[in-house]
Every structure is written in C-alpha cells, then in structure tokens.
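Enquirer: need a structure here:
(one chain, ligands or ions: 1)
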Amino acid sequence: SLPRRGSSNQSQNRTMSAGKAFKVLVTHPEVPQEGIDLLKENCEIIQVQSVPTNRAELLEKIRGVDGVLWGGHEPLNAEALDAAGPQLKSISTMSAGIDYVDVPEVKRRKIPLGHTPTVLNTAVADLAVGLLIAASRRFHEGRKTIDNDKWENYHLNWLLGQDIRDATVGFYGFGGIGQAIAKRLGGFDIDKVLYTTRRRVHKEIEEEFNAKKVDFDTLLAESDFIVIASPLTKDTQGVFNATAFNKMKQTAVLINIARGKIVNQDDLYEALKSKRIFSAGLDVTDPEPLSPKDKLLTLDNAVVLPHIGSATKRTRADMSTIAAHNVLRGLAGEPMLSPAY
Ligand SMILES: O=C(O)C(=O)CO
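Expert: Sure thing, here's the model as predicted:
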C-alpha cells in the first residue's frame, strides 16, 4: 500500500522544514491532486499551465527550483537542467518508462531521479490482456464487417481466431508488467511462458509462472503470442524487424504495450499485410500520436490503441502520489521510493 499523507514519512518532512522550504515545479497542469497536495505541505508549487507543454514556459518556470515533478513525456535533458540551475536536487517523472530522459546527464549532475513503475503494472497488464484477446479474436476486423455491411455469419468458418488455451506466451521483457500479464493469463489455461531478458528473473518467479528464459530466436520461433514488455533502450530499439517476423509462427500474435520504437513499424506493416504473422495488438506506436492516415490503420489484423495502458483514474492518482514522494524524499536527502538509477 502507498504511504499516505500524515504517514511517518510525511510528518518527518513537515517537521524537517517549517513553512515552504522548497520550490517545486510541476511540469503539467493535469497532475492529479493527490500528488500536488503532498507537495503543498512544505513546498511552494510552481506549475506549467500549457497543454501540450510549451517548452519556453517550462524553461522559464524551472529556473531556480529545488525539485521537479516531471508530469509529461517532454524531453528531460541538459537544456532543461541548465535552465533549472545548480540548486536542483530532486526530480521524479510520472511514468514507468523514462526513454525521454537523458539519464546520463541527470546522473552526471548527481541529481536523484525517481519514476513510477509498479503502480501502473495492473492497469497496463489488464490492457495487454484486452489487446491479446482483441487481436487474436479479430475484434477490429469483426467490427469493420458490421460497418461495411459484410456480416456473413452464414459461413461456418467466418472470422476464426487463435486460441489462448494451450498457448505458449513469450515475453520480451519480464519485469513487473510482464509478470502481471502472466499472472492474469494464468486464468486462460495457457501452456507455458517463455521470456527473453538480459538477466534471469528469480527462480521463485520462474516457478510461479512456469516460465523459462530462452534466447530471442527461440522466443520468436516457439511463441504463439509474443508480448513486448521491455524498456526502450538502444539495445531494444527496432529489434522486432523483418528478420524477427520471419522467424515467428504464421499464427503468431504480437502485443506491444511498451514503446513503439521497439518495433520496426514498416516491417510490422508488411508482416501483417502479407499475413506472415496473424495479427498485432498495439498500445504504442512510432510515432505518437500516429497519423490518422498511417497505413497501419488500414489493416484488418492490427488493433491499435492511443497509448492508454496506464490511463485509469486510480493509476494516475497513484502515479502522482509516488512521484510526489520521490520528489520530497530527494529534497530531504533520503532514498526515493522508486529511484530510476
Ligand atoms: O509510464 C509509462 O511509461 C507509460 O508509458 C504510461 O504512461
């Protein structure tokens, strides 16, 4: 459970600093109140008002602040850190993925950086299961048949999909989100879980999910469903390309709830169009937002969502709470709840 207002940590912060000891910038006007209220207890809050973020406003308002709650996916880089000045001592994003942060630059300046993994695991995992069902059971194509007056259920083998039962589900990345997805799929009578990660996960976790670490080629060749649940890094960028799709089963379903750039989207389009793989369910694309004219959207076998994995009211509130605690702890010189490095 999350530390709440008035918990010992908060009382400590209150006594530590009588009055508004710190100036904190909140870079987005829509950060849920839960996090703002926590910060308000002992920080003066400055808030960016523009949506989408006006960079000039952000760079002006960041000057001289002690802490930053970085509320969007705007680049957090040397430019912003320079604009802030050398007194800046605590930053937290309000996201799990931090691919938009120049982490080496933050590290070089020895500024503690937090992020908000874990609290969004269940929301993202729920959505991933939704995509997995939608893509394997042809929801998008089915809906289009109604729109186009092509409801042909007099055919016996109409709109047949892929079974989840007895499937091998392969995870590319098997951290908190991947494991939350695997937990949910436990209710769907799947056969087994494979995963590809840099490091092996704990033995108990492998046992809990009947999961086996395999190399990337084995993951591609043996999985009925592949779920991308890894961070975007220089090592993961573009790894799902034509070469990878050509190693997958023709009946395979690809799910991506991580970052669009892990997939080469042109190659994915070709693989789906030519039916080299069965279908894809994507919550993330490259770029975002995706143009309404993008060719990916013309495909029957691609279910595409506008990056809404963590978009539930409770999850957003929890993300703001964790981010605020991270910022407060950084200001107090204490370890953050979820440090990013
Ligand atoms: O937190 C993240 O990294 C997300 O993509 C969800 O907004």
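Enquirer: what's the nearest residue to residue 210 if we skip its chain neighbours?
Expert: Distances taken as Cβ to Cβ, 6 or more residues apart in numbering put residue 192 closest to residue 210, at 5.4 Å, once the chain neighbours are dropped. For glycine as for every other residue, the C-beta is placed from the backbone atoms N, C-alpha and C.
Enquirer: now residue 87
Expert: Using Cβ to Cβ, 6+ apart and skipping the chain neighbours, the partner closest in space to residue 87 is residue 66 (6.1 Å).
Enquirer: next one: residue 107
Expert: Nearest non-adjacent residue to residue 107, counting by Cβ to Cβ, 6+ apart: residue 341, 5.8 Å away.
Enquirer: What is the burial count for that neighbour?
Expert: Close neighbours of residue 341, defined as other Cβ atoms under 10 Å, add up to 12.
Enquirer: List the contacts of it.
Expert: Residues near residue 341 by Cβ atoms under 8 Å, 6 or more residues apart in numbering: 103, 106-107, 113.
Enquirer: if we go to 7 Å?
Expert: Counting by Cβ atoms under 7 Å, 6 or more residues apart in numbering, residue 341 makes contact with 103, 107, 113.
Enquirer: Highest neighbour count among those?
Expert: residue 113 (23 neighbours).
Enquirer: Would you mind measuring from the spatially closest residue to that one that is not a sequence neighbour to residue 125?
Expert: Distances taken as Cβ to Cβ, 6+ apart place residue 340 nearest to residue 113, at 4.4 Å, with adjacent residues excluded. To residue 125, residue 340 is 21 Å away according to Cβ to Cβ, to the nearest Å.
Enquirer: One more: residue 184?
Expert: 6 Å.
Enquirer: Check residue 175 too.
Expert: Where residue 125 is concerned, residue 175 sits at a distance of 11 Å (Cβ to Cβ).
Enquirer: higher neighbour count, those two?
Expert: Higher neighbour count among residue 175 and residue 125: residue 125, with 24 against 18, using other Cβ under 10 Å.
Enquirer: so that one touches residue 181, yeah?
Expert: Yes: counting by Cβ atoms under 7 Å, residue 125 touches residue 181, with 4.5 Å between them.
Enquirer: And the helices in this structure?
Expert: 8-16, 33-40, 55-61, 78-84, 103-108, 121-136, 139-147, 176-185, 203-209, 216-222, 242-245, 265-273, 313-331 (DSSP state H).
Enquirer: Among those, show me which one is buried the most.
Expert: Mean neighbour count (mean count of other Cβ atoms under 10 Å) peaks for helix 313-331 among the helices of the chain, with a mean of 24.
Enquirer: Just confirm yes or no for that one near the ligand.
Expert: No: Helix 313-331 stays clear of the ligand (Cβ under 6 Å from any ligand atom), getting no nearer than 7.3 Å.
Enquirer: Show me what that helix is in contact with.
Expert: Helix 313-331 has contacts (Cβ under 7 Å, 6+ apart) with 2-3, 13, 22, 24, 31-32, 34-35, 38-39, 66-67, 69, 89-90, 92-94, 112, 114, 116, 119-120, 123, 310, 335-338.
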